[in-house]
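>>> Based on what follows, work out the 3D shape:
(one chain, ligands or ions: 1)
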Amino acid sequence: MVTQQLARRVPLIGHESVLPETSNYLMSDGQHMTTGQTCPSNFVWLTGVNGPPSSLLQSVTRAHYRRMERKQLQNGRAGLRALASGGGSMCLEQTVSGDETPYPYEMIEESAEFLLSRTKLRPKIGVICGSGLGPLAEQLEDRDIFPYETIPNFPVSTVAGHAGRMVIGTLDGVPVMCMQGRFHSYEGYPLWKCAMPVRVMKLMGVDQLLVTNAAGGINREFNIGDIMIIKDHINMQGFAGDSPLRGRNDERYGPRFPAMNNAYDKTLRQKTLELVKDLGLQDVVREGVYVMLGGPTYETVAELNLLRVVGVDAVGMSTVPEVVVARHCGMRVFAFSLITNMCIVEYDTEAKASHTEVIETATMRQKDLQKLARLIIKIMSEDGYVAGDE
Ligand SMILES: O=P(O)(O)O[C@@H]1C[C@H](O)[C@@H](CO)O1
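Numbers count the residues shown, from 1 in each chain. Now for the predicted structure:
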């Protein structure tokens, strides 16, 4: 409460190096600083608009600082860390690289505990719904629904076709937690933040993950509406030095250098391929290699030609960070792409890739996608995989 009032009442006024007039500053680590002392160089001051809100500021505790920090991170204005307050001012440390630092274990734990304390279900299977694939979550029964903005430390979805809710419920009696909407790096989120919900799932007890996405078909044998089971990926952003695991490694999740061969579980793929016949989907289900590009632009003809040469079957803008984080913490992963459009590889055409086409194809294929998702969840639950089983 106090932090919200602060956020509204105190504008940013600029940089100072010496503490202003008020004599006693409470540091976020519980220490005091006094007038004339020099603050560390990266900081800014907040000062009351209509006179000093001193009683308000003095009542700001360390917990409030932390909450404010999270608000700043969530609002995308990461990098402001409460350092000291007193009288009419508050000193905020500017951590310029703040948003590059993955959330500490405790913040992920806080999100997990928030959800666990509000649902009776204990899902061991997680699902991430891609663009236009959110209706999968409508299939769940006994649902507890959590809009992302209500979950501590969660980013928010900003893309059409991504509702932005965590839905926990049962599918054919199996408890499942389902992200109805995901986060992409083109929305401005660092890769670790795109994938942070996977760690929340992990701390809630999830050990198998079904990841879905919409993708453009590069393989010329594919058709719009096909479903490609992902057998491998090319982590293009990894080539450029970015990774959701970049930064200090937390061994509580997994090792510094996780293997990424067999990222997409072979047993699950084989069983699914055997059983799609029973769903009548054998003619539309394929296997292939997915590449993630950063987006939000769709690809140029030259880029698509390059991707085909290196063995890519479908191209998208997601999934890889989530899979990397899931594999790092020992989850078993199955992923599929809905081929929502065929990539345009001719120069001489007026045709254009569009998100409208992506959503329309996804809407058209909902029923089959739901059948397939049910099948995969059944296979996962009957297998009874426990993290680390491999
Ligand atoms: O979230 P996914 O990967 O399913 O969404 C794809 C990639 C872009 O977000 C969008 C482009 O149309 O669809």
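
>>> now Gly188: how far from Val320?
Computed as CB to CB, to the nearest Å, the Gly188 to Val320 distance reads 18 Å. All C-beta spots, glycine's among them, are computed from the backbone N, C-alpha and C.

>>> Compare neighbour counts for the two and give me the winner.
Val320 (31 against 12; other CB atoms under 10 Å).

>>> how about the residues of the stretch 251-390 of the chain near the ligand?
Counting by CB under 6 Å from any ligand atom, the stretch 251-390 of the chain comes close to the ligand at Gly295, Gly316, Met317, Ser318, His355, Val358.

>>> One more: the stretch 1-150 of the chain?
Gly130, Ser131.

>>> Can you list the low-confidence ranges for the stretch 1-150 of the chain?
1-100 (pLDDT under 70).

>>> Please work out which residue of it is closest to the ligand.
Distance from the ligand to each residue of the stretch 1-150 of the chain (CB to the nearest ligand atom) is smallest for Gly130, at 2.6 Å.

>>> quick one, what contacts that residue?
When contacts are counted by CB atoms under 8 Å, 6 or more residues apart in numbering, Gly130 is found next to Arg182, Val211, Thr212, Asn213, Ala214, Gly316, Ser318, Thr319, Ser337, Leu338, Ala362.

>>> And the pLDDT at the residue in the stretch 251-390 of the chain that the ligand sits nearest to?
Using CB to the nearest ligand atom, the point where the stretch 251-390 of the chain gets nearest to the ligand is Ser318, with a distance of 3.3 Å. Note on Ser318: pLDDT of 97.

>>> Same check on Ile234?
In this model, Ile234 is scored at 98, pLDDT.

>>> before we move on, what about the one 3 residues further on?
At Gln237 the predicted local distance difference test score is 95.

>>> Quickly find the element holding it.
Secondary structure here is read from DSSP states H and E; on that basis Gln237 sits in helix 236-239.

>>> Could you export the next helix or strand along the chain from that helix as CSV, CA atoms only?
Toward the C-terminus, helix 236-239 is succeeded by helix 266-275 as the next helix or strand (DSSP H and E). Listed in CSV are the C-alpha atoms of helix 266-275, where the atom choice follows Å, rounded to 0.1, in the frame of the first residue of the first chain:
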residue,chain,number,x,y,z
LYS,A,266,12.3,-39.7,-27.7
THR,A,267,9.9,-42.1,-25.9
LEU,A,268,7.2,-39.5,-25.8
ARG,A,269,7.7,-38.7,-29.5
GLN,A,270,7.6,-42.4,-30.6
LYS,A,271,4.5,-43.2,-28.5
THR,A,272,2.7,-40.1,-29.9
LEU,A,273,3.6,-41.0,-33.5
GLU,A,274,2.2,-44.5,-32.9
LEU,A,275,-1.0,-43.3,-31.5
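
>>> Centre of the chain to helix 266-275, how far?
Offset of helix 266-275 from its chain centre (CA atoms, centre = their mean, to the nearest Å): 27 Å.

>>> on contacts alone, who are the packing partners of that helix?
Contact here means 3 or more CB pairs under 8 Å, 6 or more residues apart in numbering; DSSP states H and E; on that basis helix 266-275 packs against strand 227-235, strand 285-292, strand 332-342, helix 366-383.

>>> Adjacent strands (with direction) for the third one?
When pairing is defined by DSSP bridges, strand 332-342 lines up against strand 208-217 (parallel), strand 227-235 (antiparallel).

>>> among these, which is the most enclosed?
Burial among those, expressed as mean neighbours by mean count of other CB atoms under 10 Å, is greatest for strand 208-217, which shows a mean of 26.

>>> For that strand, output the C-alpha coordinates as CSV.
What follows is the C-alpha trace of strand 208-217 in CSV, where atoms were taken according to Å, rounded to 0.1, in the frame of the first residue of the first chain:
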residue,chain,number,x,y,z
GLN,A,208,6.9,-32.9,-17.6
LEU,A,209,6.2,-30.0,-20.0
LEU,A,210,4.2,-29.8,-23.2
VAL,A,211,5.2,-26.7,-25.2
THR,A,212,3.2,-25.6,-28.2
ASN,A,213,3.7,-22.8,-30.7
ALA,A,214,2.6,-21.4,-34.0
ALA,A,215,5.3,-21.5,-36.7
GLY,A,216,5.9,-20.9,-40.3
GLY,A,217,6.5,-23.9,-42.5
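
>>> do that strand and the ligand meet?
Yes. If you take CB under 6 Å from any ligand atom as the test, strand 208-217 does meet the ligand, through Asn213, Ala214.

>>> Over that strand, what's the mean pLDDT, rounded is fine.
Mean predicted confidence for strand 208-217 is 97.

>>> same deal with stretch 325-344?
Across stretch 325-344, pLDDT averages out at 97.
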